[in-house]
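Chemist: Give me the fold of what follows.
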Amino acid sequence: MVSVIEEYIENDDGQRTVNSSNNAGQTFTIGTTGANIDSTVSKVWVKCLITNSPGVTYLAIYETAPDGSPTGTALSTGSIAEADLPVAAGWVSATMTEVTLVPSKKYILTMDTDNGGANAVEWRKDGSAPTYAGGSMYTEAAGVWTETATDDLLFSIQTGDITTTLCTYGDVIAKAGANAADITGAELIVQNFVLQAESFINVITRYNWTDQYSSLNEDVKYLLNQICSDLAAIYLISYDMSGYTSRVEAETMINVLRDNFTRGVVTLFDQKSVTFMENA
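Modeler: The predicted model follows:
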């Protein structure tokens, strides 16, 4: 299961031309559409199409100056080969150099290309009624960046580190507490805890939910998400209680999560619930 860090994918109704002499960018703020936690970028998706021969398309993430423009050196970079760009509007991804983005902070995702003139990438946007509250579109000409507050470019920033099925990294951190994200190697640790929780759920219910996940009803998926994230959060809090003010506070949270987990598992065993899930 891919974990989305931040994205805006709504209302595709326009485009911004990007080439070597006309760069563009979209500011975004961690916690607007994704979890407000430390998150490591692995991949960026943009919706776009190709015009003629722009060459390689370059994506980068920067910190922002007070006016929202890029500042400093790129925190993360990636590229898309010309051959991978779609001729009709579609989503395409770039593998990024990994960087950890921090809660409630504004960044900017920028795009430029090798070639200019009539060679371009058309970055799709919401230009009529954008609702993304974490930022807006910026354009660049002759080194000057200008905000277009009425437009939002379409993007999705993701972490590819968490390869789980029943719940995501963000689901677990939201229950374990944001300070859990400060644990060294938190993403890999959470992934392992989620995989352990998935295996435990499959074994005690004697049904392989992870293998059947794609065919399940949405109601069943949400229930499994709740159960799995509860159990993985218990594992994570037990592993490191430093994010809580006291051991008593941590153990109280564990008890709450255990009660929720138990109710969820009982629901999975209830015959009427099983009949509903099988027929859903």
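Chemist: how near is Tyr62 to Phe155?
Modeler: Taking Cβ to Cβ, to the nearest Å as the measure, Tyr62 falls 14 Å from Phe155. In short, each C-beta sits where N, CA and C put it, glycine included.
Chemist: So which of these two has more stuff around it?
Modeler: When Tyr62 and Phe155 are compared for neighbours, Phe155 comes out ahead with 25 against 20, by other Cβ atoms under 10 Å.
Chemist: Thr27 versus that one, what's the distance?
Modeler: Using Cβ to Cβ, we find Phe155 at a distance of 10 Å from Thr27.
Chemist: Can you check the pLDDT for Thr165?
Modeler: Turning to Thr165, the model gives it a pLDDT of 87.
Chemist: what's the neighbour count on it?
Modeler: By other Cβ under 10 Å, 19 other residues sit near Thr165.
Chemist: Contact partners for Glu140?
Modeler: Contact analysis of Glu140 by Cβ atoms under 8 Å, 6 or more residues apart in numbering lists 22-25, 110, 146.
Chemist: Could you rerun that using 6 Å?
Modeler: Taking Cβ atoms under 6 Å, 6 or more residues apart in numbering as the contact definition, Glu140 lies against Asn23.
Chemist: i'd like the first residue to be 40 from this point on
Modeler: Will do, 40 is the new start, and the previous item becomes Glu179.
Chemist: In terms of pLDDT, where does it sit?
Modeler: On pLDDT, Glu179 comes in at 94.
Chemist: Does it fall in a helix, a strand, or a coil region?
Modeler: Secondary structure assignment for Glu179 (DSSP: H, G, I helix; E, B strand; the rest coil): strand.
Chemist: Could I get the full set of helices for the stretch 140-289 of the chain?
Modeler: Assigned helices in the stretch 140-289 of the chain, in chain order: 208-215, 225-244, 248-251, 257-278, 286-308 (criterion: DSSP state H, counting those that start in this stretch).
Chemist: of all those helices, which gets the most neighbours per residue?
Modeler: Across those, the average number of neighbours (mean count of other Cβ atoms under 10 Å) peaks for helix 208-215, which reaches a mean of 25.
Chemist: Just the pLDDT for Glu226.
Modeler: Glu226 carries a pLDDT score of 68 in this model.
Chemist: What is the helix or strand harbouring Val80 packed up against?
Modeler: According to DSSP states H and E, Val80 maps onto strand 78-90. Strand 78-90 makes packing contacts with strand 129-140, strand 159-165, strand 194-198 when contacts are defined by 3 or more Cβ pairs under 6 Å, 6 or more residues apart in numbering; DSSP states H and E.
Chemist: pLDDT below threshold where in the stretch 190-319 of the chain?
Modeler: Low-confidence segments of the stretch 190-319 of the chain, defined by pLDDT under 70: 199-202, 217, 220-227, 310-319.
Chemist: at 80 what do you get?
Modeler: Across the stretch 190-319 of the chain, the ranges flagged by pLDDT under 80 are 198-202, 208, 217-228, 282, 309-319.
Chemist: What is the burial count for Asp165?
Modeler: 21.
Chemist: Contacts only, for it.
Modeler: 49-50, 191.
Chemist: picking that back up, so for Val138, which of the helices of the stretch 140-289 of the chain sits nearest?
Modeler: Nearest of the helices of the stretch 140-289 of the chain to Val138, taken as Cβ to Cβ: helix 225-244 at 12.8 Å.
Chemist: If you drop the residues flanking it in sequence, what lies closest to Arg297?
Modeler: Counting by Cβ to Cβ, 6 or more residues apart in numbering, Ile273 is the residue found nearest to Arg297 once chain neighbours are left out, at 6.3 Å.
Chemist: Quick check: the gap between that neighbour and Val287.
Modeler: 16 Å.
Chemist: And Ser238, by the same measure?
Modeler: Note on Ser238: its distance to Val287, by Cβ to Cβ, is 30 Å.
Chemist: now Asp250
Modeler: Computed as Cβ to Cβ, the Asp250 to Val287 distance reads 40 Å.
Chemist: could the helices of the stretch 140-289 of the chain go into a markdown table alongside distance to Arg55?
Modeler: Output for the helices of the stretch 140-289 of the chain, formatted as a markdown table (distance: least, Cβ to Cβ, whole Å):
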| stretch | distance to Arg55 |
| --- | --- |
| helix 208-215 | 29 |
| helix 225-244 | 32 |
| helix 248-251 | 40 |
| helix 257-278 | 35 |
| helix 286-308 | 45 |
